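[1] let me see the structure of the following:
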Amino acid sequence: MFKPKTKRIEKLAKLYPKTISDLESIFDKPTNVYIDWQNVIHWQKKLKWNFDLKRIKQFLDSFENIKNIKIYTGELIGNEQSEKNIIDLKSWGYDVVYKPVKIMKLSIDTSSIDENSPSLLKNFIKKSLLNKLDIETISFLNEKLSNLNNRGILHIEEEKCNFDVEMGRDLLKDYEFNGTENFILWTTDSDFKDPVKQIRDDGKKAIIFSFSGKVSPELDETGVYVFDIKKIKEFVCWYKHLPQSVQSKIESA
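    The predicted model follows:
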C-alpha cells in the first residue's frame, strides 16, 4: 500500500498515478532496497539531473512493504562535507554501510619509457582498445603525458571504493534469514549476476533500478527486469531539475 510521506509526494502521486501503481505491483511483498551509491552517483551525468537522497528515502518509505533501505557509500576521511553526508543519511533513516575511500596514485611519469611504449597507457586504456592503436597514436599520447610531467604532474589520483562484498553479504543474509521476498538493487554491476539469478530461480523477485542501456551485459543475460529510473525522476530529483510545468502544478495544488 502507498501512503505518501510528504505533501509534495502526495501531489506528485496525483500527477503520476501509473508510476505509483507500477511500483505497488513491484513492492507487493516484503521488500528490501540496496542502493550502491558509489555506482549510482555516476548516473547523474548521463541523466543530466541529480538524485536527492532525502527525497528518495521519503518516496520509498511511502510504500509500506519496503522494510529496509540500505545505502552503500564511501567516506573521504578528513573531508567535512563527506563526513556530514554520512550523518545526514543516518538522520534520514537509511541503513548506512560505509568505509573509507582509497586514493590510488597512478604514475604518469614518462621519464623511463620509450616514446612508443604502451606500458603507461595500459594502466588507463583497456587492452582490447590499446591493441588497436597504432604507434603514432601511442607516441602522441605519451607526448601529452610528458607535457604534464613538464608541468610537475607525475601522477594522477583516482578514488576507489567498491561495495560488491558488502552488498553480496547483505543480500545473502536477507535472502536466508530476514523473510525478504523482493530485492531491489540500484546498481549495474556485473558482479551481482549470480545473486540475482539465485533469487529469481528460487521464486523470489530481483529487480534492477537503472536506466536504458546502462545495465551490464552479464546482468542483462539473467533476464532480470530493469525498472527505468527516469520514470521516478519527479519524485527523486532535485526540485530545481523538475520541469517548470510540474513545479507550477505542485505549487498550485
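[2] what's near enough to touch the closest residue to Ile208 other than its chain neighbours?
    Distances taken as CB to CB, 6 or more residues apart in numbering place Val226 nearest to Ile208, at 4.8 Å, with adjacent residues excluded. Backbone N, C-alpha and C define where each C-beta goes, glycine included. By CB atoms under 8 Å, 6 or more residues apart in numbering, the contact list for Val226 reads Ile207, Ile208, Phe209, Ser210, Ser212, Val215, Asp220.
[3] just the pLDDT for the last one.
    Think Asp220. For Asp220, the pLDDT comes out at 78.
[4] ok, now the third one?
    In the predicted model, Phe209 carries a pLDDT score of 95.
[5] avg pLDDT for the host helix or strand of Lys18?
    According to DSSP states H and E, Lys18 maps onto helix 17-26. Averaged across helix 17-26, the pLDDT comes to 97.
[6] do the same with stretch 136-151
    pLDDT averaged over stretch 136-151 gives 96.
[7] cool, and stretch 53-67?
    According to the model, stretch 53-67 has a mean pLDDT of 98.
[8] how long is that stretch end to end?
    17 Å (CA to CA, to the nearest Å).
[9] now do the buried residues in it.
    Going by neighbour count (16 or more other CB atoms under 10 Å), the buried part of stretch 53-67 is Leu53, Arg55, Ile56, Lys57, Gln58, Phe59, Leu60, Asp61, Ser62, Phe63, Ile66, Lys67.
[10] excluding chain neighbours, give the residue nearest to the second one in space.
    Going back to what we said before, that points to Arg55. Per CB to CB, 6+ apart, closest to Arg55 is Val236, 5.4 Å.
[11] could you break the chain into its assigned domains?
    The record's domain split for the chain, according to automatic domain parsing, is 7-101+162-252, 103-159.
[12] how about the ones you listed in CSV, adding distance to Met1?
    Listed next are the domains of the chain as CSV, based on distance: least, CB to CB, whole Å:
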stretch, distance to Met1
domain 7-101+162-252, 5
domain 103-159, 40
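[13] measure Leu120 to Lys132 for me?
    17 Å (CB to CB, to the nearest Å).
[14] which one's more surrounded, the two?
    Neighbour count, other CB atoms under 10 Å: between Leu120 and Lys132, Leu120 has more, with 19 against 10.
[15] where does the prediction get shaky in this structure?
    213, 253 (pLDDT under 70).
[16] next, name the residue at the spatial heart of this protein.
    In the chain, the residue lying closest to the centroid (CA atoms, centre = their mean) is Val40, at 1.5 Å.
[17] not counting its neighbours along the chain, what's nearest that residue?
    For Val40, the closest residue by CB to CB, 6+ apart turns out to be Trp186, at 5.3 Å.
[18] residues contacting the one you found?
    Val33, Tyr34, Ile35, Asp36, Asn39, Val40, Ile208, Phe209, Ser210, Ile229.
[19] may I have the beta-bridge partners of it?
    Beta-bridge partners of Trp186, counted by DSSP bridges, are Ile35.
[20] next one: it relative to Ile208, how far apart?
    Taking CB to CB, one finds Trp186 at 8 Å from Ile208.
[21] helix, strand or coil: sort out Lys14 for me.
    Three-state call for Lys14 (DSSP: H, G, I helix; E, B strand; the rest coil): helix.
[22] that one: how many residues sit nearby?
    12.
[23] thanks again, I'm all set now.
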